[in-house]
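Asker: Sequence plus the predicted model coming up.
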Amino acid sequence: MAVIEAIATTYLEADAASVTFDDIPSTYEHLQLRISMRDATADAFESIYLQLGDSGHSPVDTGTNYARHYMYGYTSSAYAGSTSGDTNIWLGKVAAATSVAATYGCLVVDILDYANANKNTTVVGLDSSGTGDYVRFGSGLWTDASVVNAVKILGNGNLVRGSEFTLYGLNSS
């Protein structure tokens, strides 16, 4: 039977540039982020990013050690692509300043085998812009074979008050 435990939750009482979970215990098989958020950038939708860290990075790796693959749909169009040598993993798009008022996008992100120092960490995510116009599935890779003990979520603009971020630990038994 799978076990899921909440490790930490951050609810923004004021706009913030980013949210970081650090000192993550290495006692789980996988991590999961569940996010409900809005970005303050003056667009209808805005990109959200993830950075990972270990004891050698303070608190996360901001170097060009990330790669990503993505597929997404926007209204009646579909897109796919990949990049490498990035400074973060693109998680997708959420509602921004010119979206319908009080609309928040949602993201579910799995960080697989984060405590295994013998391989690179893989991230898989699914998001929705919150308005029904944008849906994305993607994966990312941190090309540093280290144990992850910090996760940082950031946007192009500030993360808006009322956004909520919960980090879970997952075990198979």
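Answerer: Noted; the coordinates are in hand.

Asker: Helix or strand next in line after the lowest-mean-pLDDT helix or strand in the chain, which one?
Answerer: Lowest on mean pLDDT, DSSP states H and E among the helices and strands of the chain sits strand 89-95, with a mean of 74. Toward the C-terminus, strand 89-95 is succeeded by strand 105-112 as the next helix or strand (DSSP states H and E).

Asker: list the buried ones in that following strand?
Answerer: Neighbour counts over strand 105-112 (16 or more other Cβ atoms under 10 Å) mark 105, 106, 107, 109, 110, 111, 112 as buried. Quick note: C-beta positions are derived from backbone N, CA and C, even for glycine.

Asker: So which residue is smack in the middle of this protein?
Answerer: Central residue of the chain (Cα atoms, centre = their mean): residue 50, 4.5 Å from the mean position.

Asker: do you know how far that residue is from residue 88?
Answerer: Counting by Cβ to Cβ, to the nearest Å, the gap from residue 50 to residue 88 is 6 Å.

Asker: Now do the contacts for the residue nearest to the centre of the chain.
Answerer: By Cβ atoms under 8 Å, 6 or more residues apart in numbering, the residues touching residue 50 are 33, 88, 89, 91, 109, 123, 140, 151, 152, 153.

Asker: Good, wrapping up.
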